[in-house]
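# Output the structure for:
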Amino acid sequence: MPVIKPTPRQEELNALVEIESMLTTTDNPFNPFTEYDEWFAYDVSKGYNTCAYLARIVKSSDELSETDQALAIDQAIDEIVSLNILGLYVKVTHEDFKDRSSSIKNIDLLK
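Alright, predicted model coming up:
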């Protein structure tokens with residue numbers, strides 16, 4: 001059976017899915033990857049409704065593959081962050097959030 005080599009686009013999409021990023025706000029102290037319920041409750045309590053905002057922006061379809069849906073979500077996150085007039089939204093990965101959460105905790109200790 002011949003080995004099917006992925007196309008450059010497929011390799012790019014696969015790398016994107018592996019990185020997995022999320023949209024959050026600069027003031028939300030909860031990790032959306034590991035503390036989603038707390039993150040969501042904080043987000044809604046502040047009136048941000050980030051998930052609903054992202055759902056309005058993402059161009060997705062049930063007919064897209066899982067990889068293409070992940071790409072559509074990532075593109076929507078990039079669009080929200082680029083049009084971020086108030087500087088409220090940030091795109092984070094698992095690794096980025098670890099750095100961000102330690103900074104937030106250190107800031108809280110200084111108060």
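
# where in this protein is pLDDT low?
Applying pLDDT under 70 to the chain flags residues 1-19, 97-111.

# ok, which stretches of the protein are strands?
Counting by DSSP state E, the chain has these strands, from start to end: 21-25, 89-93.

# What is the last one packed up against?
Translated: strand 89-93. Judged by 3 or more CB pairs under 8 Å, 6 or more residues apart in numbering; DSSP states H and E, the packing partners of strand 89-93 are strand 21-25, helix 66-82. Any C-beta I mention is one placed from the backbone N, CA and C, and that applies to glycine too.

# how about a cut-off of 10 Å?
Helices and strands touching strand 89-93, by 3 or more CB pairs under 10 Å, 6 or more residues apart in numbering; DSSP states H and E, are strand 21-25, helix 50-57, helix 66-82, helix 94-110.

# List of residues touching that strand?
By CB atoms under 10 Å, 6 or more residues apart in numbering, the surrounding residues in contact with strand 89-93 are 19-26, 28, 31-33, 48, 50, 53-54, 74, 77-78, 80-84, 96-101.

# and the angle from it to strand 21-25?
Strand 89-93 and strand 21-25 are oriented at 140 degrees to each other (axes from the mean of the first three to the mean of the last three CA atoms, to 10 degrees).

# about what we covered before: looking at the strands of the chain, which is closest to F40?
Nearest to F40, of all these, is strand 21-25, at 10.5 Å by CB to CB.

# re the thing from before, taking the strands of the chain together, which one is wrapped up most tightly?
Stretch with highest mean neighbour count among the strands of the chain: strand 21-25 (a mean of 22; mean count of other CB atoms under 10 Å).

# what's that strand in contact with?
By CB under 10 Å, 6+ apart, strand 21-25 touches 30-33, 36, 39, 42-43, 46, 48, 50-51, 53-54, 57, 70, 73-74, 76-78, 80-81, 86-94, 96-97, 100.
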